[in-house]
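Peer 1: Based on what follows, work out the 3D shape:
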Amino acid sequence: PPVAAPRPPSRAGTSRPALRPLIVASSGFAATEPRTGSAPAGGGDAVSGPPVTVLTTPVALPAQEDGPAGPDQQAWWESRYLRPARLTGLARNLPQAQQVPPQWETVARARELLHLIENTDGITTRDLTRRTGLSFATATHLLHWLRGQHLVDSIAGEHRTGPRLDLARMPGRTNELLAVTLDGLCESLGAAIYYSQYTDGEVRVLTSASGPKAPPVTEAVPFPQVAHASAVGKSLLAQLDFDGRMDHLSRYEPFALTGRTITDPQQLFAALDGHGPQACQFDLLEYSMREVCAAVPLSLPGRAACIALSLPAHRHPQLLETAHTLSQHSAGILLALLLADPADSGSTTQPGQPGTGTWPADGTTAIALP
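Peer 2: From the prediction side, this is the model:
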């Protein structure tokens, strides 16, 4: 018959070494010198085995190299760095910012063509393609687009500066280029247009265009106080990082203006990031019951900026189509801004902001990532 495998000896009735708790004192881990032994703490038969080592030497906590933390020095651990799990979840859910928005590719190539056209007394398309390295089809398409922006004129096969580019180069009239561009959009779209930036922690509407058929928004509550409810504010908040958003919301706590206003930060961040960092933001009767709005990010170098429109509430079926048209014109607005204020092209990127586009003096175009 098969022989059963031997069973291990029973340990019933034998005592085991007691586990001594690790005592933490204010100065570190307190105990005495190491010792070895096999006798149990509570008496009884000894259990054979390797000797047991007990840590008993005081162990100091990690100290800073420069001594104790001063007023301008942070300790190696502080309780203030622990934030609620809900805020940690909000920070982790933020999508990665798109470093180079698609607008920059069009603007960079168009700016390079304009730089060459400005420095010549007429230049052909073939010369432009040879000096820029663009394909003939791409250069032709960009020139057609620049003619539509009234920045280039083409006469007898040669390209020269257009009236709006000449206006941007006149001393003291650089801001008129943006004003003319916004007025043209207001007339063609039949909507009030707003150009806004997030500057010094505030939402600022720098310039706007409106008319009898495109009335502006009735500002019952100042826009900086209700960034969570307006399309302009939501577009600017969407371009900030987590710390920038929380800083603004801590100074301007969200509150309800209408029954559709989002006041919960978690729901607000989900609405801001639901369609990506370069998505259009909407105000669907959240700021006021009289208007609906949409805002498109511009991604200016080193700052958060957007172009927005507003329509009366009874024209809300036209909002989506009008916002799509505004998005198609955003590259032209961005180019007008850079031409009106060339200092923007050399700005440095701030944390949480879009990538920086630089326009060197030699006419070459560079897209610098942060």
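
Peer 1: hang on, residue 332 packs against residue 146?
Peer 2: No - judged on CB atoms under 8 Å, residue 332 makes no contact with residue 146 at a distance of 9.1 Å. C-betas here are computed from N, CA, C, even on glycine.

Peer 1: Tell me where this protein has strands.
Peer 2: With DSSP state E as the criterion, the chain has strands at 24-25, 28-29, 35-37, 52-54, 152-155, 158-161, 192-199, 202-209, 281-284, 291-297, 304-312, 356-358, 366-368.

Peer 1: what helices or strands is the longest one leaning on?
Peer 2: The elements that strand 304-312 packs onto, with contact taken as 3 or more CB pairs under 8 Å, 6 or more residues apart in numbering; DSSP states H and E, are strand 192-199, helix 231-238, strand 291-297, helix 319-328, helix 330-340.

Peer 1: and residue 134, which of these is closest to it?
Peer 2: Nearest to residue 134, of all those, is helix 330-340, at 16.3 Å by CB to CB.

Peer 1: what's the angle from that closest one to helix 319-328?
Peer 2: Angle between the axes of helix 330-340 and helix 319-328 is 40 degrees (criterion: axes from the mean of the first three to the mean of the last three CA atoms, to 10 degrees).

Peer 1: list the helices and strands helix 330-340 packs on?
Peer 2: Judged by 3+ CB pairs under 8 Å, 6+ apart, the packing partners of helix 330-340 are helix 102-118, helix 163-168, helix 174-189, strand 304-312.

Peer 1: Give me the residues contacting the last one.
Peer 2: Okay, so that is strand 304-312. By CB atoms under 8 Å, 6 or more residues apart in numbering, the surrounding residues in contact with strand 304-312 are 189, 191-198, 215-217, 231-232, 235-236, 239-240, 281, 290-299, 318-319, 322-323, 326, 330, 333, 337, 353-354.

Peer 1: So residue 303 versus residue 206, what's the distance?
Peer 2: Relative to residue 206, residue 303 is positioned 11 Å away (CB to CB, to the nearest Å).

Peer 1: can you check residue 105 too?
Peer 2: Per CB to CB, residue 105 is found 25 Å from residue 206.

Peer 1: so how far is the first residue of stretch 279-293 from its last?
Peer 2: Start and end residues of stretch 279-293 are separated by 14 Å (CA to CA, to the nearest Å).

Peer 1: Give me the contacts around that stretch.
Peer 2: In contact with stretch 279-293 (CB under 8 Å, 6+ apart) are residues 217-218, 220-221, 226, 229-232, 234-235, 238, 257-258, 260-262, 272, 294-297, 306, 308-313, 315-316, 319, 323, 327.

Peer 1: And those residues, which of them are buried?
Peer 2: For the contacts of stretch 279-293, a neighbour count by 16 or more other CB atoms under 10 Å gives the buried set as 217, 226, 229-232, 234-235, 238, 257, 261-262, 272, 294-297, 306, 308-311, 319, 323, 327.

Peer 1: domain assignment for the protein?
Peer 2: The record's domain parsing of the chain by automatic domain parsing lists 102-165, 178-341.

Peer 1: could you give the mean pLDDT of the last one?
Peer 2: Throughout domain 178-341, pLDDT has a mean value of 90.

Peer 1: Equivalent analysis for the shortest one, please.
Peer 2: Across domain 102-165, pLDDT averages out at 86.

Peer 1: Which residue comes closest to residue 128 once chain neighbours are left out?
Peer 2: residue 139 (5.3 Å; CB to CB, 6 or more residues apart in numbering).

Peer 1: Distance check, that neighbour against residue 249.
Peer 2: Relative to residue 249, residue 139 is positioned 46 Å away (CB to CB).

Peer 1: Tell me the confidence at residue 58?
Peer 2: At residue 58, the pLDDT value in this model is 51.

Peer 1: again, but for residue 354
Peer 2: pLDDT, residue 354: 37.

Peer 1: Any idea how many residues pack against residue 291?
Peer 2: Other residues lying near residue 291 total 23 when counted by other CB atoms under 10 Å.

Peer 1: hey, what's it bridged with?
Peer 2: In this entry, residue 291 is beta-bridged to residue 312, by DSSP bridges.

Peer 1: Run a quick neighbour tally on residue 106.
Peer 2: 18.

Peer 1: how close does the nearest residue to it once chain neighbours are set aside sit to residue 228?
Peer 2: Distance criterion CB to CB, 6+ apart; nearest residue to residue 106, sequence neighbours excluded, is residue 331 at 4.7 Å. Going from residue 331 to residue 228 by CB to CB gives 28 Å.

Peer 1: again, but for residue 220
Peer 2: 15 Å.

Peer 1: same thing with residue 121?
Peer 2: Counting by CB to CB, the gap from residue 121 to residue 228 is 53 Å.

Peer 1: now do residue 292
Peer 2: 16 Å.

Peer 1: Residue 161 too?
Peer 2: Separation of residue 161 from residue 228 (CB to CB): 43 Å.
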